[in-house]
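# Here is my input; please provide its structure:
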Amino acid sequence: MSLELPAAISRYFAADQGRDADALSRCFTDDAIVKNDGRLYDGIGAIREWKVETSRKYRYTSTPVALGIDDDWSVVTSHLRGDFPGSPVDLRYFFRLDGDRVLDLEIIV
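Predicted structure coming up:
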């Protein structure tokens, strides 16, 4: 059974899998914020650089396995497997959308 994600979230995971920093940054609003691994990335430029750096450091696959809704947030659980410490791991992605783009994203274990 395939998981049906909102279009903006589906585009995010496709860009992440493709290791395409430009495509990934286009998934976000201009003033978007990403929180990941204890760091805050504020705005498209910072988000693009976050993806560039992550792609330099690690190779991984991410498979979304569950979707839930919590108030204004879409919560996706994704199974990550790769060459990073702690692999494999299930991460939770908290997305807040603004139309067809991501306004906020927080990634937690």
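
# For this protein, give me the ranges with low pLDDT.
1 (pLDDT under 70).

# Show me where it has its helices.
Here the chain has its helices, by DSSP state H, at 7-17, 21-25, 44-57.

# Just put the ones you listed in TSV and tack on mean neighbour count and distance to residue 108.
Using the backbone N, CA and C atoms, a C-beta is placed for each residue, glycine as well. Formatted as TSV, those follow (neighbours: other C-beta atoms under 10 Å; distance: least, C-beta to C-beta, whole Å):
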stretch	mean neighbour count	distance to residue 108
helix 7-17	18	16
helix 21-25	18	19
helix 44-57	15	15
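
# Look up phi and psi at the closest residue to residue 7 other than its chain neighbours.
Excluding its sequence neighbours, the residue lying closest to residue 7 (C-beta to C-beta, 6 or more residues apart in numbering) is residue 100, at 5.9 Å. The phi/psi pair for residue 100 (degrees, to the nearest 10) reads phi -100, psi 20.

# so what's residue 91 bridging to?
On the basis of DSSP bridges, residue 91 is bridged to residue 78.
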